[in-house]
Structure formats: C-alpha cells, structure tokens
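Engineer: Return atomic coordinates for the entry below.
(4 chains)
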There are 4 protein chains.
Amino acid sequence: MIVVMQPNATPEQIDHVVERVREIGLKDQVIKGTELSVVAVIGDDRKKDREVFETLPGVQKVVNILAPYKLSSNEVKTERTEVAIGQACVIGGTAVPVIAGPCSVENEQQILETARAVRDAGATALRGGAFKPRTTPYSFQGLGEEGLKLLSAARDETGLAIVTEVVTPSDVELVAEYADCLQIGTRNAQNYELLKAVGQQPRPVLYKRGMAMTLDEYLLAAEYILEAGNPNVILCERGIRTFENHVRNTLSLAAIPEVHKRSHLPIAADPSHGTGHAHLVPTLTYASIAAGADAILLEVHPDPQHAYTDGAQSLTPATFTEIMPTMQRVAESIGRTLSGMPVGV
Amino acid sequence: MIVVMQPNATPEQIDHVVERVREIGLKDQVIKGTELSVVAVIGDDRKKDREVFETLPGVQKVVNILAPYKLSSNEVKTERTEVAIGQACVIGGTAVPVIAGPCSVENEQQILETARAVRDAGATALRGGAFKPRTTPYSFQGLGEEGLKLLSAARDETGLAIVTEVVTPSDVELVAEYADCLQIGTRNAQNYELLKAVGQQPRPVLYKRGMAMTLDEYLLAAEYILEAGNPNVILCERGIRTFENHVRNTLSLAAIPEVHKRSHLPIAADPSHGTGHAHLVPTLTYASIAAGADAILLEVHPDPQHAYTDGAQSLTPATFTEIMPTMQRVAESIGRTLSGMPVGV
Amino acid sequence: MIVVMQPNATPEQIDHVVERVREIGLKDQVIKGTELSVVAVIGDDRKKDREVFETLPGVQKVVNILAPYKLSSNEVKTERTEVAIGQACVIGGTAVPVIAGPCSVENEQQILETARAVRDAGATALRGGAFKPRTTPYSFQGLGEEGLKLLSAARDETGLAIVTEVVTPSDVELVAEYADCLQIGTRNAQNYELLKAVGQQPRPVLYKRGMAMTLDEYLLAAEYILEAGNPNVILCERGIRTFENHVRNTLSLAAIPEVHKRSHLPIAADPSHGTGHAHLVPTLTYASIAAGADAILLEVHPDPQHAYTDGAQSLTPATFTEIMPTMQRVAESIGRTLSGMPVGV
Amino acid sequence: MIVVMQPNATPEQIDHVVERVREIGLKDQVIKGTELSVVAVIGDDRKKDREVFETLPGVQKVVNILAPYKLSSNEVKTERTEVAIGQACVIGGTAVPVIAGPCSVENEQQILETARAVRDAGATALRGGAFKPRTTPYSFQGLGEEGLKLLSAARDETGLAIVTEVVTPSDVELVAEYADCLQIGTRNAQNYELLKAVGQQPRPVLYKRGMAMTLDEYLLAAEYILEAGNPNVILCERGIRTFENHVRNTLSLAAIPEVHKRSHLPIAADPSHGTGHAHLVPTLTYASIAAGADAILLEVHPDPQHAYTDGAQSLTPATFTEIMPTMQRVAESIGRTLSGMPVGV
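Structural biologist: As a prediction, the model looks like this:
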C-alpha cells in the first residue's frame, strides 16, 4: 500500500500516518517527491482495511499495491489447478470440455433427449438447472429435487458428468448428493454464505463471475470457497453489465488470459449468457475457445421455442452438433483440443 | 409485447407467430407497416417468457410493453406506501427520517456512543451490521448474535429503531427477533431465496438496489418480498457500478423520482455507499434529499480511523451533527422536513 | 509514479527499471517489500508516457501518483476561478446563474419568446444551438449563422448573455463574433483540435464532460483550452453513459464536489441532458443545486411537442417559471442564491 | 414506432397522439390492450424526432421499431461491401488483412524498420499516426505532414497500403493526398463535421467505434460518411468503456457478428486498443479472428520501451512475427485466411 499525502501535508501529518502504519504491525518508508510525499507501507496488508488511511489528515488517497486475493493467486500456488468433474471431464488441462444442456430441467423426456444429443455431438458434461434464480417470481422456479433425480438418471444413461446450480446454503447438501459439480450463478456471486457452504463440501464448484465484479473482486470472492477448504474451483466468464444494449451481457474475453496470468485456477466461458441471443452464440463460442477458455458452457434445448427459460439464447441440438467440429478446429488452431472429440476433422 | 418481424418475413412466418401467441392464451393483432410487420400481443404477458418469441423464424426482435413488475407498481396500488420502523420512524410520508450508525457493530461502547450521538443530532433510527457481507474472507465478518444484542441495548437506551442486515435465510428468524427492520444489502439483491425468506416474516425490509440492476429488474425483484406476503418494503438507491473511478459507486439520483413515478413504495438514499468517500457524503446527502429521498442512510463512526469496516466513508459524530441542520433546510426548501428535527432553524 | 515489480523480479530487472527512470531525467527510490519490490519515481512525470514502464521485464504494473492535469488543478492555482459571461452572468461565485433556452434555435418567434420567458422567470443567460451535432444525419442540423443572428437579437432585446455550441474549428471565429460564451458539447469533448481552437480565442468556454470520460481525463482535456491561453473555462456535468436505461444519461453529481476539491474551475450541471426526460428534470435540478453546481443549464421550449430537437427533455416556460422559486430555496438552504433572483421567497 | 399510453390515458389523449402522428405524415393504428393502449405508427419515421411523442399527455413511453440507420443497413443493400485499400488490401471478403504498425510515426528509421518487419511477417497494410489525438496536451502530438511523408516513403519501399488518422476537417485534403485509407479515431467518432468531411473525399475510411456508442448510434453515425457520398467505410470494434479496470477498454466481440447481421459494411477489430496491454493482445487477436473480424489492426513497435505513445500495448516485431502463423490457423479453422499469408502452415 502507498499512502499518498496532499502536496501541502505537514510533517506532523506524515508522522501520524507512519504511527498508524506501525500500530497495525507494518513497516513504513517515507518518500519525499518534488510535488508531494508518499508513505510506502511494507508488509502483507491484505487483511487490513487499507482504505481507512484515507481518513487521516493530510492524506490524499491510498493506492493498493498487493492484489487483495492470495489463495487464488499463482504467486502462492504456481502449478495450474486441474479440476475433475465426474470421471471423464477434466478442466484446466490442454483439452477443453464442453458442458451443454438446457437452462432448466423441465421433464424426463426433455433432459434425456438433450443429454443424448449433446453426448453424441461430443459434450462431456450435462448442465441443467433444478433450482433456478429467476429475475421474476412469476417465472418457472425449477423442479427442485425432482430435477436433480432426472439429471441423475441422465448421467446413468449417458455417462455425462452433471453440473447444476445451487442457490442457497440449505440446499447444498442435497444438490451435492446428486451433482458432480455445483454451480454458483452470477446473481449469487457475492452471496458469501453460499460460497462458504460450497467451500465446505467435497464437490467441485463452477463459480460464475458476478455481472458487476472486477477481476480483483472476483478472485477475492473465490477465496471464500478456497479458504473454506475446497480447492476445486472453476471460474467462469459469463458477461458483465455494460451500456451495450444489443446483448444481454458483454462477454469480456480479456478476463480469460488475465486470469491465466494471475491465478492457477481454470476459467470457463459461457457464450450463451455472455450474449443472450442464439444467433451470436456460435461465433462467440469460437472466440471464447480462441481466447483460451478452459471449458465451454452452452445452453442447448431440443425445442427452444417452448423452453421454460432462456429459450432466446438456447441452441438446438442440430446447431450444437453442427458447430462442434468448428469448435474443435479452433481449439486445434491454438494447440488445444475439445475433450473427447476426434482430432483433425 | 410487440413481436417485430424481419422486413422479408413471409406470411407463413407471421402466421406461425400468431399461432404461438394464441397457444399461450393471448390475443394478437397484426400490423403491416411500410418497412416491416409487427404482431402486437394483447393480454397480460408478464408471466410468460417473452424473449422466446425471438427464436421463431422471421422474427427480428421482441419489444416488451408492460413493465414486468406488478405488485410494486402504482398501477396496482395507487396510494403511497408508508412503512413504520419501530415506534417513531415512518418512511414514505412528508417527513424524512435519518438512519445513521456505523457500518459494523464493533463493541458496546462504540455502538452506544454512536447511538447517543446520532440520536442527539436528530436521527430516528440506528443502523449497524452484525452480519457483514465482506468482499474478502480475511476481513472482520461481524459480531453475529452478540452484535444484535448490542443493537438491542442501544435501542433500549436511546429509543432509536434498529435497522440491521441479514445475509442468509437461516439467520432471518434470529435477526427479526432483535431488529425493527431487516436490511438486504446490494450483494444479496438477487439472492432470491433470501428475498422470499424476509418476505415471510413480519418486519419491514430495507431492500438495497443491486449495483448492476436496472430499475425494472429492481422493482421486479422487490416483488419476491411483496408476493411472499410482506408489504413493508423500503427501496434504497445506494449507487450503481459504472466506469467512474473516483467514487466507489455512482449514486444515480434519477432513480428516486423515477421510482416515485412508477411505484407506491418509498425509496431511501445511501450517500455513504453511494460515494465511498467521506468528503463527498455531506454534499451528496443534500442532493439526495433534494432529489426526494424518503429516508437517508448515513454511516457514522466515533473514530473512522479505527473503524473495522468502511472507515473511509464514515462521518464522525461531529460532522454528522454539523450537517443535520443543513439537511433540514434542504428538506424544507422542497416542502419536506427531517423527522423529529426542529423546523425553520 | 510507482513501478510495481513482479514478486519474482530479479535484481537486474529492478536495475533496468532504475536506469530507464534516470534516462528520462527522473529520480528513483527502490523499496523492498515483503512480497515484492517497487520503484518509486521522484519528479514531475506528468509529461512522460508512464504506461511504457509496463513493458519492461519483471514489471507487474505502473501506478500513477500525480494526477495528470496541472493547469486545472488547485494545487497550481489556489483561488477559485470566476468566469463572467456577458455583463451580468458570473459563474463560480456564491450566486448560481441559470442558463436556459431551447436545444435548437428554430426561428425568430421561438427564440424571442423563450428568451423573454426565461428572463422573466429569472434566468441570466440564454442557451440555444445554431450548429447542432445530431446523432443522425437525417435530423435538423441547426440554422447556422442565421441562428447566431437570432440569438444576438434575443440578447439585444432581453439583455441575456448568449451561450451557444461550436462544433468545428473553422466555425470558432464566427460563433465567437456572436456569442458571449462558446459551448463544447459532449460528443466533441475529446475533439482536441476544437479545444485548442476555442483556447485561442477570447470568449469563455462552457466545456461539457464527455459521456465516457473519467474526471482525470476530463480535467486533463480541459488543459488543452487552458494551455492554449484561455483561462475562462466552465466545466459541466451532463451525465455519463452507464447501463441505466430509464435515463438518457446518468447524472453523476459526485463529480461536482470532487471537481471543487481538485480544481479551481467552476462546474455547472445540465439536468436536461443528465436525465433526458422532462419529468425528471425539476427534481434533478434541485439535486444539482444542492450538490453545489456553480450554474444550471436547462432546456426550455415554448412548445416541446413540436420542438425540432430534444423535445422529450425540454421544460415548458410555465414549468420553468414554476420551479425557479424552489431552485432559489434549495440554493439558499446551502448558503447560496440564484443569480438575480429575489431571496427568501 | 409504438407510442405506449398510460393505463389511465383518456380517449382524448389517444386521439391527440393520433392527430400528431397524422400531422407528421404517418399513419396510425390504435391497439387496445387489456392493461393499456398503444398507438402503432406506420411509415418510415426514421427522419422524425420520435422521442417528442413522450411529451404528449397520457403517453408513457415511445418504443422505436425501425433501426435508425438506413444506408448502412443490409435491408437497403444486401450484398456485402468490400473495400480496397491501395492495391493489395481488400477488406470484407474471405481473406482477412492485417494492418500493423506503430501508434505514432516517430522518425524515418522507426517507420521503415517497422514497415519491413510487418510486411515480412505477412501484414498487407501499415498503420501509423502523423496527427495524434492525445489525452494530454503535454504528450507528443505527432509529426504532422512530415509523418505523412515518412509513411509514403514506407509505402514506396514495402508496397504496403497506408492507413493513418485524420483529426480535423481542415487536414482531410492533406491526409488524403498521402494515405490509402483515412482513419477516424474513437475520440472523434461523433465529430460529425469530420465525418462529413471524410465522406466528401475519395479515400476509404476506417471508422472506429466511439467508446461509449451503442451499435445503433455507431451505424447511424456511419451514415454521415455514407450520405456524404463515400460508400467505402470499414467499421472497427476497438473496445468500449466499462467498469472493467484491468484493461484500457473492453473489447466487445459480439459487435462483430451483430454488425454482420445488420449491415453490409465490413468490420475490423483492434485488439491493441481493445485491451491496452501487450500481454493480452495475442490471445484477443485470435479471439477477434474467431469472432469473424474482417481485418485486424495491431500496434507494432520496434522498441516499445521507448515508444513515444502506446508502448504498453505495442507488440515487438518478434512477437508479431511469432503470432501470425497462429492467427492464420485460427482464420483457417473458421473457413477464412489471412490475406497474403501461406495457407495450411
């Protein structure tokens, strides 16, 4: 942390900052510039409330030097984390798994039909919501435990690993019983009690970025899961909220190489939520793979026109099947492959 | 809803849209324009997934006409809602209560000292967090039930109503036992299970806007509380996330008159979180009152330099006491008053 | 500037940074922290390309300490700048002038009628566009010099000072012949050739913030005008672009006290563009005054339904006349007045 | 356009809207819904001020149906536009040209060295600024005409087409004399006088998106160039301004397929400005190609550490040369190629 003094700060004010630095157990070094002085604070200040220095007399502003996160940083853990979901789906290596399925589990036929179709096209995991955080109380809220059972049946039949969302701490145990991987959605990205709860159970967690979170905030919030004891966290870029109004969210693909630079955790991309419109999904999927995404999440529904939820951004099984070979070629072009897909098609 | 067809849409495609409209029980009216045709959908489509029409062949886009919320709309309830917190604090009338206190309850002396100071300066309710949703797992997370007891003691001594945050459904009953009003913070603004939980208990709810929520989304999410049976919802503008980097959040004061236009619910303003820096708080407080805020939330701490949380945006009791008369004058200038403050000072 | 090294940076890499610092004529001080080292750069680095240090091996990031602007800073000039527009309108003192008028000058009757009405209600300057930067080439582009003549005639009749926009360098001389103050609009806020051109002529400049400019960028761009030799710059907050979709722009009122803290320049507010909807204008005008705006810009049109431009955000003369006394009361409540309005109404 | 009435609008208010529609020469159709009525306006309303209907009594809001742009729409011109820059560089076909070079032309050696290097690596055009719109008046502002002459010399030597920025109308003729393609930068994206000026000369225009422009606004502003008579417009996604603070801009790649859907104009991508940091550029370049960009702009400098401008985001010739084969493979993976690069490497 650097405490920047005002140009007219008095020596007493600088001394006061120094005292306060020592009071919290850190060291100081005062640098007298030509325009103003700064107090450099030496030591790990990540667990301190750094902004409080702003309130000291003569202080202009506080500049953080250390990134606030620690466990998710690759300064602490240098080798890349690989997370296995179920038997066959590993996220974080050279191979890129595709996790596909409907927004919501609607009924047995729908989920089984989708599961078979996406498996046949090359997906290695099935996504589908049994508990849905809907923006309106009037919309379908998910089938609950029945949905989990249908997902489980789809796994039995297809061998696909199951990824499904959990929306509240009291459901964590139940969802973990059925799912191979627990998803935290964007609306719960700062529901810290839920993050702690999924951190205390053994299943991997697919943790989506909040739509207004900076990367610093995102990696820091991920620490709630890591610190609670669960090292198997998959990050996910799913679009941020901006003024751009032709999309539901703005997929910020630079987040992918930046996370790779800062963190050992794998990061997936979700072009379905990252655009909100099916006609943009194939292209942004290719872009996500080219940007280095470690997994791809896609919404696929056998009949988008009648989907209970997110129909507008769902691909049909036919389109999904059609784009998978191109996805594979894009992956190969940057030296990767899609998990379980034939190479060199 | 208006379904806008592509310029080259065929009659069959238009017919297909019409069929789909009728299938969900609504009526249609086709309008042939000079450039393109649209299908106007007649009836209450708020409980339908309107975006799904986007997937139909020949459809260009879907335009929603009806605002998605209903219970929070003043089309449904025309008289303004007034919410009483405790005995003396009413939000939504001409008088504007000031709810002040520290970000976190730290210890008995701190909360009692603050409570006395803000009461003496004219506040009618005390805010203070016992359960804190912190952006980092390494920060102080609140005193929990002990904090609630200290707040209760502060109420006993000062007569101030108590507003405190609840962060997870399983704490709702406990918090409701001690508090006069339950606060939902911005990070939990789309934690729908929590919204349902506070909707099922009898205390009023101070529900802060999510930092990336549009007003439509905000009023719609408020319906989770209203629909669960709790009519006593106080909205709160606390700043949104934008590119503006000299503030922690951008206080969007136009939200206040817009909510007054659309909804019967009262809306408070929180200039402390809405700026993030103590030096901006007095001015933005005046602006919030002038913009018509029905209540003002302010962070006040006896020693901001040593505050566990949010020191940078906390006012001292001295500054708080100093700005209250100006706040009162601003309120009077637009025909209102601060609750419990002498008029015409 | 602080150059933050990577945790694993080598001594050679640190030395290289130090050499590069000295090469550009600045001094260095290396601080070895527990987690990483930083190189503090001492001296005025405002005219250097600071970001280039990011490219040096072993560098993690560069943190700027000195604000980039200089002439607009109140570190350089401590007394507040007051700018006189015409005879009677001074911006930057205790009194707050109101600058009102239509978006576009349409014809003689319209501008004279508006000028009389706003003068009678208490405005001290008349705004109106003769050269219009319209978002579409198909819209009315302004009357050009004829519009300037009509504004001049309105001044002759009413005594109001004239504020009007200039959109390109080659028009500067012409506009300066007729106007008392030249306006730079948000779309030209980074049209630096235009900023230089208005900096080289003698009229004061009302310089609106670009809708995507941070305050640092804004104050820095203002230096183009100041450095060219024109000290009479009035800044103006007119709303920024955010995800908020119920307004045309988000009026960021915290910019007003922040500019007052950092700069000696006065800052106006424009609640008409800052909201885009007439029903929000009165309330946000009160808020702008309470936030400390040094002048208020308002769009007033005798017949908004038939306005050529910006009808949706224009007040009628009747509404304008009605809100002026409340504006005056708000100004008085914070110890100011509206220029030329009777006090204590 | 659809004029949405308030739920309690009177028949007289609806009639008044109808009259006003007819007054501007359009037709109307009133639709009575269960909750409210709307007036559908039939005819081309693109040249009308649609928002003005918002001011009519009883009107709730106005919804635009027709996109505001026309000449840039592929409803008007169905075949895709191909733009030739110089002899060998065509933008808008299957082949994707790479336009590379330094931010600023600094001196003969720098520009010639860069030109040779990027040509040898496979670029087909050279970019470089002679007139620079800098965020600070204290920075290098470009070499002016001398820079243009150096670019011309580089073309003579390498055969590369020249793309360079023009910042003010009075320079257009001069720049057009030397350049093969005129660039309009993001800060001048709504400098309409400049758009008109480049529309009236014969060189193609590379027109970058303003950092706060929606796609509708962008395509509409492009019409200024098209309507002035110049059909050779290349759009360019170069990042938008968002809250994301680890990048200089947020590259919004969904804009590429969306422009392809709506417009016949080609669209380039600029991953250098779209990220602002050299370490993110290669990955985002791959993503831009995968997203369908019709050309790629890259900043390349022989010595980024000593670049006068934009050093932080410049690639070295070595890195540029290294990533070109991967760029080619990504292009091939989606059925395209880089212009002039060997295929199947």
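Engineer: can we go C-alpha only for contacts and neighbour counts from here?
Structural biologist: Will do.
Engineer: need the residues of the stretch 101-250 of chain A near chain D, please.
Structural biologist: By C-alpha under 8 Å from any C-alpha of the partner chain, the part of the stretch 101-250 of chain A that sits against chain D consists of A:212, A:214, A:215, A:242, A:243, A:244, A:245, A:246, A:247, A:250.
Engineer: Most widely separated two among those residues?
Structural biologist: Within those, A:215 and A:246 form the most distant pair, 23.7 Å apart (C-alpha to C-alpha).
Engineer: quick one: which of the residues of the stretch 101-250 of chain A next to chain D sit in helices?
Structural biologist: residue A:215 (DSSP state H).
Engineer: Just the buried residues from the residues of the stretch 101-250 of chain A next to chain D, in ChimeraX please.
Structural biologist: To isolate the buried ones among those in ChimeraX, judged by 16 or more other C-alpha atoms under 10 Å in any protein chain shown, type:
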select /A:212,214,215,242,243,244,246,247,250
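Engineer: Just the closest of the residues of the stretch 101-250 of chain A next to chain D to chain C, please.
Structural biologist: residue A:243 (4.1 Å; C-alpha to the nearest C-alpha).
Engineer: Name the nearest residue to that closest one, ignoring sequence neighbours.
Structural biologist: The spatial neighbour of residue A:243 that comes closest, neighbours along the chain excluded (C-alpha to C-alpha, 6 or more residues apart in numbering or on different chains), is residue C:243 at 4.1 Å.
Engineer: contacting residues around the one you found?
Structural biologist: Residues near residue C:243 by C-alpha atoms under 8 Å, 6 or more residues apart in numbering or on different chains: A:241, A:242, A:243, A:244, B:212, B:214, B:242.
Engineer: Hmm, the fifth one is touching residue B:238, no?
Structural biologist: No. Between residue B:212 and residue B:238 there is no contact, the gap being 11.1 Å when judged by C-alpha atoms under 8 Å.
Engineer: Now the lengthiest helix in chain A - C-alpha only, CSV.
Structural biologist: Criterion DSSP H: the longest helix present in chain A is helix A:317-333. Taking C-alpha atoms only, helix A:317-333 is exported to CSV below (Å, rounded to 0.1, in the frame of the first residue of the first chain):
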residue,chain,number,x,y,z
PRO,A,317,-29.2,-30.0,-30.8
ALA,A,318,-28.8,-29.6,-34.6
THR,A,319,-26.9,-26.4,-34.4
PHE,A,320,-24.9,-27.6,-31.5
THR,A,321,-23.9,-30.7,-33.4
GLU,A,322,-23.1,-28.5,-36.4
ILE,A,323,-20.7,-26.2,-34.6
MET,A,324,-18.8,-28.8,-32.6
PRO,A,325,-16.4,-29.6,-35.4
THR,A,326,-15.6,-25.9,-36.0
MET,A,327,-15.0,-25.6,-32.2
GLN,A,328,-12.6,-28.5,-32.4
ARG,A,329,-10.7,-26.8,-35.3
VAL,A,330,-10.5,-23.6,-33.4
ALA,A,331,-9.1,-25.4,-30.4
GLU,A,332,-6.6,-27.2,-32.6
SER,A,333,-5.5,-23.9,-34.2
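Engineer: What is the following helix or strand past that helix packed up against?
Structural biologist: Next helix or strand after helix A:317-333 toward the C-terminus (DSSP states H and E): strand A:337-338. With contacts defined as 3 or more C-alpha pairs under 8 Å, 6 or more residues apart in numbering or on different chains; DSSP states H and E, strand A:337-338 has these neighbours: strand A:95-96, helix A:317-333.
Engineer: and for strand A:337-338, what are the contacting residues?
Structural biologist: Taking C-alpha under 8 Å, 6+ apart as the rule, strand A:337-338 contacts A:94, A:95, A:96, A:97, A:98, A:327, A:328, A:329, A:331, A:343.
Engineer: who's in contact with the fifth one?
Structural biologist: It refers to residue A:98. Contacts for residue A:98 (C-alpha under 8 Å, 6+ apart) come out as A:122, A:123, A:124, A:125, A:295, A:296, A:297, A:298, A:338, A:339.
Engineer: does any part of the strand or helix carrying residue A:60 sit near chain B?
Structural biologist: Using DSSP H and E, residue A:60 sits in strand A:59-63. No. Strand A:59-63 lies out of reach of chain B by C-alpha under 8 Å from any C-alpha, never closer than 10.2 Å.
Engineer: Figure out how far that strand is from the centre of its chain.
Structural biologist: Averaging C-alpha positions (C-alpha atoms, centre = their mean, to the nearest Å) puts strand A:59-63 31 Å from its chain's average.
Engineer: Please apply the same query to stretch A:140-156.
Structural biologist: 23 Å.
Engineer: Check which residues of that stretch are buried.
Structural biologist: In stretch A:140-156, counting by 16+ other C-alpha under 10 Å, buried: A:140-144, A:147-155.
Engineer: That stretch vs chain B: in contact?
Structural biologist: No. Using C-alpha under 8 Å from any C-alpha, stretch A:140-156 stays clear of chain B, coming no nearer than 9.0 Å.
Engineer: got the contact list for that stretch?
Structural biologist: Taking C-alpha under 8 Å, 6+ apart as the rule, stretch A:140-156 contacts A:104-108, A:111-112, A:115, A:128-134, A:160-162, A:174-175, A:178-179, A:308-309.
Engineer: Quick one: mean pLDDT for it?
Structural biologist: Averaging pLDDT along stretch A:140-156 gives 95.
Engineer: what does stretch A:271-291 give?
Structural biologist: 97.
Engineer: that older thread, the contacts of residue A:98 into TSV, with extra columns for pLDDT?
Structural biologist: As requested, those are exported to TSV (pLDDT from 0 to 100):
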residue	pLDDT
A:122	96
A:123	97
A:124	96
A:125	97
A:295	98
A:296	98
A:297	98
A:298	98
A:338	96
A:339	93
